[in-house]
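Novice: Build me a model from this:
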Amino acid sequence: MSRLYSEIGTHIRNGKILMLKAITFDYWQTLYADSDSNWQKRQAIRIQLCHTYLDSRDYACTLDDVRFGLEEAYNLVSSLWHQHQGISVKRCMQRFAEVLHLGLIEEDLDQLIECLGAAFLEAPPIMMPYVKPVISRLSESYPLGIISDSALTPGSFARKLMARDGILQYFTAFTFSDETDHTKPQVVQFHSTLAQLNAEPAEAVHVGDIFRTDIVGAKNAGMKAIRFAGFNKGEGDDTLSDAVVDDYQKLETVITELSK
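Specialist: Modelled structure (predicted):
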């Protein structure tokens, strides 16, 4: 029955017709929480794994060299992020090679990306409380998507963590900035995701933690926007948000209200 009603722009839930057709989520600090200390731990693992690989290939570089190269790779993606441009992790690692004057071949770049992914899975962000049961229930009524900006963690490994945590199957669309030429708040990130979900912007809501990317981007795209304040509490400006939620246990009620 819900499939039939989705074709005419509505959903039925508990006998009520809902006007929303899709929900999209940010990844970092919305579905998953990542602390500075955990990021530092991950970075140390990245440095060690990348150095071990380069040493095995007889590239002359120290741990400090690798640390510097990864910092420069991160600075590149961070600079482009502030310009709303996406960049692949491979291009970041090409920057790594350039600043260290390493003649890395394609295989080396691919293996270093595997090192970054392995470090992510060894020191992963932690899924927010109550995400799994809430996402599971929401997926019964709405197609769900991810719209996420990436740094040195490939979207492919973000998916692997979701699979390991048992939530990947609830999502049908994935838009990671390392796989596109754009980042939030560019509306193409939102519109391309909604196209995969067969929903128009006015029929969708985005949940994310950052005002300038998640909220501004979703509203400019014509969507409703919920700011998730369960981890990132310091945004302050919620004038554009349709709602603010700090606990996933409250999310379903808010979405139901926005669906009316």
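
Novice: Please report how far residue 187 lies from residue 130.
Specialist: 30 Å (C-beta to C-beta, to the nearest Å). No exception for glycine: its C-beta is placed from N, CA and C like everyone else's.

Novice: more neighbours, the two?
Specialist: residue 187 (18 against 14; other C-beta atoms under 10 Å).

Novice: Please identify the nearest residue in space to the more buried one, excluding sequence neighbours.
Specialist: Residue nearest to residue 187 in three dimensions, not counting chain neighbours: residue 221, with 4.2 Å by C-beta to C-beta, 6 or more residues apart in numbering.

Novice: same thing with residue 67?
Specialist: Using C-beta to C-beta, 6+ apart, the closest residue to residue 67 is residue 47 (5.1 Å).

Novice: residues near the one you found, how many?
Specialist: 21.

Novice: Hmm, it is touching residue 66, no?
Specialist: Yes: counting by C-beta atoms under 8 Å, residue 47 touches residue 66, with 5.1 Å between them.

Novice: So for the two, which residues contact both of them?
Specialist: Residues touching both residue 47 and residue 66 by C-beta atoms under 8 Å, 6 or more residues apart in numbering: none at all.

Novice: Tell me where the stretch 151-260 of the chain has helices.
Specialist: Counting by DSSP state H, counting those that start in this stretch, residue ranges of the helices within the stretch 151-260 of the chain are 155-164, 187-196, 216-220, 251-258.

Novice: With mean pLDDT added, can I get those in TSV?
Specialist: Listed next are those as TSV, based on pLDDT from 0 to 100:
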stretch	mean pLDDT
helix 155-164	97
helix 187-196	96
helix 216-220	96
helix 251-258	93
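
Novice: Any idea how far whichever strand or helix holds residue 74 is from the middle of the chain?
Specialist: Here residue 74 is covered by helix 63-82, with elements defined by DSSP states H and E. Helix 63-82 has its C-alpha centroid displaced from the chain centroid by 19 Å (C-alpha atoms, centre = their mean, to the nearest Å).

Novice: for it, packing partners?
Specialist: On a contact count with 3 or more C-beta pairs under 8 Å, 6 or more residues apart in numbering; DSSP states H and E, helix 63-82 meets helix 36-56, helix 89-100.

Novice: Show me what the last one is packed against.
Specialist: Taking 3+ C-beta pairs under 8 Å, 6+ apart as the contact definition, the neighbouring helices and strands of helix 89-100 are helix 63-82, helix 106-122.
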